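Novice: what's the 3D shape of this:
(one chain, ligands or ions: 4)
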Amino acid sequence: MSKLLISGGSVVNEDRKFRADVYIEDGVIKEVREGIPAPEGCEVVDATGKLVMPGGIDTHTHMQLPFMGTVAVDDFYHGTKAALAGGTTMILDFVIPQKGKSLVEAYNTWRGWADPKVCCDYSFHVAVTWWSEQVSAEMKDLTSNHGINSFKVFMAYKDVMMLRDDEMFECFKACRQYGAMAQVHAENGDLIKAQAEKMIELGITGPEGHEMCRPEQVEGEATQRAIVIADQANCPLYVVHVMSKTAAKNVADSRRKGYVCFGEPIAAGLGVDGKNYWHRCWRHAAGYVMGPPLRPDPSTPEYLMDLLANGDLSCTGTDNCTFSGNQKALGKDDFRGIPNGVNGVEDRMSVIWEKGVHTGKMDACRFVAVTSTVAAKIFNLYPRKGIIAVGSDADIIVWDPEASRTISAKTHHQAVDFNIFEGQVCHGVTDVTISRGKVVYDRANGGLKVVRGSGRFIPRQCFSQYVYERQFLKEKAQKPEKVEREPYTGPIVEIPK
Ligand SMILES: C[C@@H](CNC(N)=O)C(=O)O
Ligand SMILES: [Zn+2]
Ligand SMILES: [Zn+2]
Ligand SMILES: [Zn+2]
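Specialist: Ligands and ions are numbered 1, 2, ... in the order given. Down below sits the predicted model:
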């Protein structure tokens, strides 16, 4: 039996911060109170003066994704050990079947990639890149038999992953039927394709063309369209990688109107802006290329952080999908060839602490909510994950709010040779990371101590209470009713034959 005691710290959950020790046996939290004595043979982590928080849950990663002619360089091993070094103890990655291919076969392929490599617990969303009765049947199989409760639809990547509005409506109705969370990549793919061609015709082949062909109104319009289509399907909606003020406003407004809608800003959009696309060094500018793009409006990161702090936006991921400089160079003559994606999985927690807590926009409890607890509730992992409580998994971080670190590709644990936060100094550093009850990272004593393949796939049930309780109440209260009236017997216009 493995025993671990975290002593002397202040436990921070989404609801309160309080002085307590945490005692763990075989990866499960057994006691949370002050003054727990260390039993015989127990490992002790000294958390005096530090914060003891639920490990981060990254809601959005793409480890070793085959994409745009190459493969994301951070695989399930490098990506998850970097996550642990940064205080994230679970990732939610994506199975992305090719258009026309089986979702279940893709799920099995991705399981084969991840299971032997992950160093922390993980789960999957599944992308719906085409539509047919077969797809609906496979969604039912995945939700009933494979622990999947979330599906992502792409409104961008025309001809590759994009669904039309009518297909998206059918998919959202299926998500509602199965009790799944519908996710959307909200950009107008038709406009992107046409406007990108226009950029190339104008001779604009650099990364600046990537943003100019899909300005934030192209993201905002698709976000609003997805919100309406999901509501018409009585389906809760989760908007992934909210990258702009326009899209964020649409999510916030829908929530204020009572829609069951969640917005996910990511570390990149919270930490940097899109001015980098105009950098004179091509390799630097290309390093920031992702979809939807980072926005050149320099007030965007703070705007998104304000909405995250106040609850208009819900939880955070990274969309970690990394390509090194030589891979990005596939698009050196045409930005449409630059593999889309950036880093974030190692730096999300520190970036959000620096920009959110250190600036006074949110307290430590809200930090725990937006980096762990809300994600656990939305994706039906709570209270197994996302809280420090008796019976919960021992995925825990000892956090030093006063320490700071300088982010750099020279020192990060990721495989990618570029870091979009290069040079940023962040308060809020992981001292110790505990995954499945074991110390897997100790900043002051040797760093990472991970075991490849030690993480487990975590299956999730559908009909998350946090999401569907309100959906059911809303449907009951707003059910369309027929008007009982006498049949019409008045005159009718004659239509000439
Ligand atoms: C394909 C995937 C990663 N790439 C990206 N976001 O730029 C996504 O669109 O989320
Ligand atoms: Zn099956
Ligand atoms: Zn996306
Ligand atoms: Zn993504």
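Novice: what mean pLDDT does stretch 359-370 get?
Specialist: For stretch 359-370, mean pLDDT rounds to 98.
Novice: so what touches it?
Specialist: 12-17, 51, 53-54, 305-306, 308-309, 314-316, 352-353, 355-357, 401 (Cβ atoms under 8 Å, 6 or more residues apart in numbering). Every C-beta, even on glycine, is put in place using the N, C-alpha and C of the backbone.
Novice: ok, the residue lying closest to residue 417 once chain neighbours are set aside - how many residues close by?
Specialist: Spatial nearest neighbour of residue 417, chain neighbours left out: residue 324 (4.4 Å); criterion: Cβ to Cβ, 6 or more residues apart in numbering. Per other Cβ atoms under 10 Å, the neighbour tally for residue 324 reads 19.
Novice: can you show me the helices along the stretch 251-400 of the chain?
Specialist: Applying DSSP state H, counting those that start in this stretch to the stretch 251-400 of the chain gives helices spanning 267-271, 282-286, 300-310, 325-328, 348-352, 364-368, 374-378.
Novice: quick one: closest of the ones you listed to residue 243.
Specialist: helix 267-271 (4.7 Å; Cβ to Cβ).
Novice: ok, back up a step: which of the helices of the stretch 251-400 of the chain sits closest to ligand 2?
Specialist: Ligand 2 lies closest to helix 374-378 among the helices of the stretch 251-400 of the chain, at 23.8 Å (Cβ to the ion).
Novice: gap between the closest one and the chain center?
Specialist: 11 Å (Cα atoms, centre = their mean, to the nearest Å).
Novice: quick check: phi and psi at the residue of the stretch 151-300 of the chain found nearest ligand 1.
Specialist: Across the stretch 151-300 of the chain, the shortest distance to ligand 1 (Cβ to the nearest ligand atom) belongs to residue 290, at 3.5 Å. Phi and psi for residue 290, reported as degrees, to the nearest 10, are phi -150, psi 170.
Novice: grab the nearest non-local neighbour of residue 247.
Specialist: Using Cβ to Cβ, 6+ apart, the nearest residue to residue 247 is residue 223, at 4.2 Å.
Novice: tell me which of the helices of the stretch 251-400 of the chain sits nearest to ligand 1.
Specialist: helix 267-271 (9.1 Å).
Novice: now look at the closest one and say if it contacts ligand 1.
Specialist: No: Helix 267-271 is not in contact with ligand 1 by Cβ under 6 Å from any ligand atom; minimum separation 9.1 Å.
Novice: please list the outside residues in contact with that helix.
Specialist: 241-244, 290, 294-295, 300-301, 304-305, 308, 316-319, 342, 344, 347-348, 351-352, 355-356, 420-421, 424.
Novice: what comes up buried for it?
Specialist: 267-271 (16 or more other Cβ atoms under 10 Å).
Novice: what's the answer for stretch 320-331, then?
Specialist: Buried, per 16+ other Cβ under 10 Å, within stretch 320-331: 320-324, 327-331.
Novice: mind putting these in CSV, pLDDT included?
Specialist: Formatted as CSV, the buried residues of stretch 320-331 follow (pLDDT from 0 to 100):
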residue, pLDDT
320, 98
321, 98
322, 98
323, 98
324, 98
327, 98
328, 98
329, 98
330, 98
331, 98
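Novice: neighbours around the residue nearest to residue 247, how many?
Specialist: 31.
Novice: any idea how far it is from residue 245?
Specialist: 11 Å (Cβ to Cβ, to the nearest Å).
Novice: same question for residue 269.
Specialist: 10 Å.
Novice: show me where the stretch 51-200 of the chain has strands.
Specialist: 51-54, 56-61, 66-67, 70-71, 88-95, 121-128, 150-154, 181-185 (DSSP state E, counting those that start in this stretch).
Novice: my read is residue 5 is in a helix, agree?
Specialist: No: under DSSP: H, G, I helix; E, B strand; the rest coil, residue 5 falls outside any helix and is assigned strand.
Novice: quick one, what contacts it?
Specialist: 21-24, 36, 38-39, 42-45.
Novice: for residue 335, same thing?
Specialist: Contacts for residue 335 (Cβ under 8 Å, 6+ apart) come out as 196, 199, 205-207, 209-210, 286, 289.
Novice: pick out whichever of these sits closest to ligand 2.
Specialist: Checking those one by one against ligand 2 (Cβ to the ion), the nearest turns out to be residue 289, at 36.1 Å.
Novice: OK, contacts around that closest one?
Specialist: With Cβ under 8 Å, 6+ apart, residue 289 has these contacts: 207, 210, 277, 328, 331, 335, 338-342.
Novice: from the residues you listed, which would you call buried?
Specialist: Buried among these (16+ other Cβ under 10 Å): 207, 210, 277, 328, 331, 335, 338-342.
Novice: which of those residues fall within strands?
Specialist: Members of those lying in strands (criterion: DSSP state E): none.
Novice: going by distance to residue 65, which of these wins?
Specialist: residue 341 (7.5 Å).
Novice: OK, contacts around the nearest residue to the closest one once chain neighbours are set aside?
Specialist: In this structure, residue 341 finds its nearest non-sequential neighbour in residue 321, 2.9 Å apart by Cβ to Cβ, 6+ apart. By Cβ under 8 Å, 6+ apart, the contact list for residue 321 reads 61-62, 65, 67, 72, 290, 340-342.
Novice: got the contact list for residue 87?
Specialist: Per Cβ under 8 Å, 6+ apart, neighbours of residue 87: 55-56, 349-350, 397, 399, 430, 433.
Novice: so which pair among those is furthest apart in space?
Specialist: Most distant of the contacts of residue 87, by Cβ to Cβ, are 55 and 350, 14.0 Å apart.
Novice: pLDDT score for the closest residue to ligand 1 within the stretch 1-150 of the chain?
Specialist: Residue nearest to ligand 1 within the stretch 1-150 of the chain: residue 62 (5.1 Å; Cβ to the nearest ligand atom). On the pLDDT scale, residue 62 is placed at 98.
Novice: can you pull the contacts of it?
Specialist: Listed by Cβ under 8 Å, 6+ apart, the contact partners of residue 62 are 72, 93-94, 96, 319-321, 341.
Novice: distance to residue 376 for those - can I get that in TSV?
Specialist: Formatted as TSV, those follow (distance: Cβ to Cβ, whole Å):
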residue	distance to residue 376
72	25
93	16
94	18
96	23
319	19
320	19
321	23
341	25
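Novice: look up phi and psi at residue 481.
Specialist: Here residue 481 shows phi and psi, under degrees, to the nearest 10, equal to phi -120, psi 140.
Novice: and the gap between it and ligand 1?
Specialist: Relative to ligand 1, residue 481 is positioned 40 Å away (Cβ to the nearest ligand atom, to the nearest Å).
Novice: dump the residue contacts of that residue.
Specialist: So residue 481 contacts nothing (Cβ under 8 Å, 6+ apart).
Novice: separation between it and residue 14?
Specialist: From residue 481 to residue 14 the distance is 39 Å (Cβ to Cβ).
Novice: swap in residue 387?
Specialist: For residue 387, the distance to residue 14 - Cβ to Cβ - is 7 Å.
Novice: list the residues that contact both of those two?
Specialist: Common neighbours of residue 387 and residue 14 (Cβ under 8 Å, 6+ apart) are residue 373.
Novice: my guess is residue 233 contacts residue 169. True?
Specialist: Yes: counting by Cβ atoms under 8 Å, residue 169 is a contact partner of residue 233 at 5.7 Å.
Novice: any common contacting residues for these two?
Specialist: Joint contacts of residue 233 and residue 169 (Cβ under 8 Å, 6+ apart) do not exist.
Novice: list the buried residues for stretch 31-39?
Specialist: Neighbour-count burial for stretch 31-39 [16+ other Cβ under 10 Å]: 32, 36.
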